[in-house]
Structure formats: C-alpha cells, structure tokens
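Student: return a 3D structure for these sequence lines:
(4 chains)
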2 protein chains.
Amino acid sequence: MTGKPKVQPRGYHHGDLRNALIIAAAELIEESGSLDFAMIDAARRAGVSSAAPYRHFRDKAALLDAVLEFAFFALSQEMDAVTRNQERGSIEAIVALGQAYIRFVTGHPQFYDLMWGDRDKRFVDDVENELRSSGFYLLVATVEAWCQRSGRDGEDALTLSIKLWAMAHGLSGIAMHGHVERFLPQADVYSLLESSTQTFLEGVRRGA
Amino acid sequence: MTGKPKVQPRGYHHGDLRNALIIAAAELIEESGSLDFAMIDAARRAGVSSAAPYRHFRDKAALLDAVLEFAFFALSQEMDAVTRNQERGSIEAIVALGQAYIRFVTGHPQFYDLMWGDRDKRFVDDVENELRSSGFYLLVATVEAWCQRSGRDGEDALTLSIKLWAMAHGLSGIAMHGHVERFLPQADVYSLLESSTQTFLEGVRRGA
DNA sequence: CATCTATGTTATTCGCTCTAACATTGGTCG
DNA sequence: CGACCAATGTTAGAGCGAATAACATAGATG
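Tutor: Numbers count the residues shown, from 1 in each chain, chains lettered A, B, ... in the order given. Got it, this is the predicted structure:
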C-alpha cells in the first residue's frame, strides 16, 4: 500500500504489520468468500497476537475500511490501464471501461460486497471518495471526448456517465447473482454491456 | 406471511412465533439500518426467551432468509400494483416498473443488502427464484407488449428486459450510496431512469 | 547510554450464537 | 375421556470472537 518493500524482520516488532494485516484480511475474505473473517485469524496470519491489530486499527470495521481503500485503488488502476489501449473518444473506449468495471467486480465478489454493502458501517472518508471519483472521472473524460467526436457538444457528459456507470454496475450485480446464466444461458455479460452501450449511445445520437 | 390472523394467545405457547420473529427481525433491521441485529432482541420483541427462535429457524441465517423471502414478495407486489395503472406495452409502463423498483430498493436499503449482499451465505432456494422471477417476468411481459406495439417483434424481450433491469438496478445502487446527489445535485434518480429508458428504447427502435 | 514512545504480549471481560436438558401444552388415539 | 407424545417453550451454559487493560520490548532520539 505504502510501497514499502516486504522484508522479514522476524523480531518482536513486525515492521510492517499494518499492511500485513490488510493483505491477510484481503486473503481471508477472498478465500472464505465472506466478509466475516475473524480478527484473530488475520493476526495469526500476520504472525502476531490477537491484540496486536488494535494498535493499527481501532476496530474490525477500520481494517475493512483499509481493505476497501485498497479495492478502490485496484479498480481505478485497472480502469486506467484499459483506456491506454483505446482510441480517445471512441465507443470502444467507453465499452472497454465498462467491461473493466464488470471484470473487476465480478472477479472479486467480496470486494463488491465491501464497496456496495452496508452503507452505515462505513465512514465515507475523503480517500474513498477520491478514489471512487478517480475511476468515475476517467469515464466522464472519455464520454466528453465521445460527445465532441459525435458532434453532440451540448450533451451533459456527467449525466451520461452516471447512466453508463449504472448500466455496467447493474449488469455486474445481476451477473454476479447468476441471473444472466439463469435467464440468458447463451449470453455473456460483456457482450450484453457492449450492445447495451451501443444501443444507448445510438439513442443519444438520435437526440432522445 | 402465511396469512394467519394475528391473535393474542399469551400462553406458554406463542401461537405464531415464526411470523412474529420474521416481523421482529424486519423491524430491527429497519430501525438499526443494519443486518447485524441480535437474535435475542428479536426473541425479546416477540415476547419469548432467547432459545425459542431456534425451534423455528436453524440459525440466524435461516431467519434472514425468511425476511428475504418476505422482501421479495413485497417487491413483486409493488411492481404488480404499478402495472395496473399503466397502458399495456407503453414506454410509461416500462418506466413505471423501473421506478417502482427504485422506490422499493432505495426506500428499504436494508432489504437491498439482504437481496444483493453476500451470495454464499444464502441458500438460493426455489421460493426466492420464483419470487424474484415473478417480478422480473412482469417486466418481460411489459417489454414484449412494447415490442409488438413498436413493430419490433423480432426483438428479444428477455435480453431487453435484463438490460432494463440492469439500468434500474444500477441507478438504485448508485443513488443509495449518495452518488447522484454528489455528482448531479440537481437531478433525481427517477427522472434519470425515465430519460435513460427513453434514450435506450429510442436506440432499440433505430435498430442499434 | 538513558529514556520515551510505538508496538507487541498475555490475561480478561463482555456479548452473542447456538446447544443441552428440562417443562408445558394441545392434539390424537385407544 | 384420559394417557401419551410431538411441538414448542424455558433456563443454564459452552464456546467463540471483539475489544480492552496491564505489562514487555525495542528502536529512535537527545
């Protein structure tokens, strides 16, 4: 997280316990497929006692928040990577962003639960907002470019982006719960997003 | 749930404890805004001891499943009610269904967490699928009617319905997390859905 | 090198889920 | 009609995990 190199001090003091705990928690979440891991297991995995984590995190929710921050960072990284291979302002670029979103979210269902689960438990701090926005504004910029290229300068790129985000987000959730398989066994969620996006943007072009 | 009348037996045996617990749990979830209620509180609220619930539910997850079933039932009821006031096969009918979905989901965020949270904890039984489908097939029927009216008989109503569901579902989640307020303070989620739907269906009409 | 603070440990408390063993009662069948 | 028994309730308590308190160690700093 902080970029410090991983070392093996093995002394009384761990040296990088905070990050070790975040990684341990993320692993436990990934392995169990649930957010209900035991604090003591994360501690054990990091090689410390059950009380040690509380020097770095006020409580379990705080550790989960750190994992959440990590997840948002990873997501925005992947979205960022994807835009590099796409022509600026093309429909393909917009589709690729949505597909990256779906790929990340369905590939890490536990992170999805963290990111979109219970709202109240989470202190929606600046970091989260910033990271979340960084991914979102990538989409906004792409949509703005598309508007210009399509001669629809008057269009509100922000509103359009929210709607496109909703499409990708909605399809992710539906796919993750197996509803795509259930109702459209022959379809896959990535092509659903592609055709949805094309249909929608065609509607925008037509001024609807 | 079972339709039995609510009575006041007040004896050693409760008489309708199973339903009383479901209601108590739903209330606690609603009040606390979280799924982490204590089993003993639900029991207390129903007027029984802490062990009594386990005669009716194997564990807490089973009680949550019952609440989930109730939530799906309530959702499909609301969607059903909405179609009655709409012209069959109109865009308005489709929009109204989506808005009912959003209204239910954002109005009961805790139910949303139940319905769309952790997948593994939940035994996805037939009842859930049936109820979930009953709401979904309401949409499918409406979309089919719209296709006919719009002279687009060849269109796959099922695929279209999944995409429309995704729009409503995605907007719900985004709105619930305050992102609509954050990014589009002057907008509201219901009109976003309306314009999204219109744009999308215009794209479909154009054959995109 | 003395000390101070960050970070770790062990021991413990507390709350909650779930089970065990026992109690009550309403329905059923001789 | 009355004896039984299955369903449904009760109290007691085991066991787990979160969080805290009191104590220990060591790495940094003057």
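
Student: domain map for chain A?
Tutor: A:1-57, A:69-205 (automatic domain parsing).

Student: hey, which of these is tucked in deepest?
Tutor: Counting by mean count of other CB atoms under 10 Å in any protein chain shown, domain A:69-205 has the highest mean neighbour count of these, with a mean of 18. Backbone N, C-alpha and C define where each C-beta goes, glycine included.

Student: ends of that one, what's the gap?
Tutor: Start-to-end span of domain A:69-205 (CA to CA, to the nearest Å) is 37 Å.

Student: now it: mean pLDDT?
Tutor: Domain A:69-205 shows an average pLDDT of 92 in the prediction.

Student: do it and DNA strand D meet at all?
Tutor: No. Under the criterion of CB under 7 Å from any atom of the strand, domain A:69-205 makes no contact with DNA strand D; the nearest approach is 10.5 Å.

Student: circling back to that earlier point, what's the closest of the domains of chain A to residue B:180?
Tutor: Closest approach to residue B:180 among those is made by domain A:69-205 (6.9 Å; CB to CB).

Student: run the chain-centre distance for that closest one.
Tutor: Relative to the centre of its chain, domain A:69-205 is centred 9 Å away, using CA atoms, centre = their mean, to the nearest Å.

Student: check contacts around residue A:168.
Tutor: By CB atoms under 8 Å, 6 or more residues apart in numbering or on different chains, the contact set of residue A:168 is A:97-99, A:101-102, A:193, B:170.

Student: what helix or strand does it sit in?
Tutor: Per DSSP states H and E, residue A:168 falls inside helix A:157-176.

Student: over to the residue positioned nearest the centre of chain A. Which of the three states is it?
Tutor: Centroid-nearest residue in chain A: residue A:75, 4.0 Å away (criterion: CA atoms, centre = their mean). On the three-state scheme (DSSP: H, G, I helix; E, B strand; the rest coil), residue A:75 is labelled helix.

Student: got a list of what it touches?
Tutor: Going by CB under 8 Å, 6+ apart, residue A:75 touches A:101, A:104-105, A:111, A:131, A:135.

Student: hmm, 7 Å instead?
Tutor: A:104, A:135 (CB atoms under 7 Å, 6 or more residues apart in numbering or on different chains).

Student: again, but for residue A:41
Tutor: residue A:28.

Student: helix or strand for it, which one?
Tutor: Using DSSP H and E, residue A:41 sits within helix A:39-46.

Student: then that helix to PDB, C-alphas only?
Tutor: Extracted in PDB, the C-alpha atoms of helix A:39-46 (Å, rounded to 0.1, in the frame of the first residue of the first chain):
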ATOM      1  CA  MET A  39      -9.700 -10.700  13.500                       C
ATOM      2  CA  ILE A  40      -7.600 -13.200  15.300                       C
ATOM      3  CA  ASP A  41      -7.100 -15.200  12.100                       C
ATOM      4  CA  ALA A  42      -5.800 -12.100  10.300                       C
ATOM      5  CA  ALA A  43      -3.400 -11.600  13.300                       C
ATOM      6  CA  ARG A  44      -2.300 -15.200  13.200                       C
ATOM      7  CA  ARG A  45      -1.700 -15.000   9.500                       C
ATOM      8  CA  ALA A  46       0.500 -11.900  10.000                       C
END
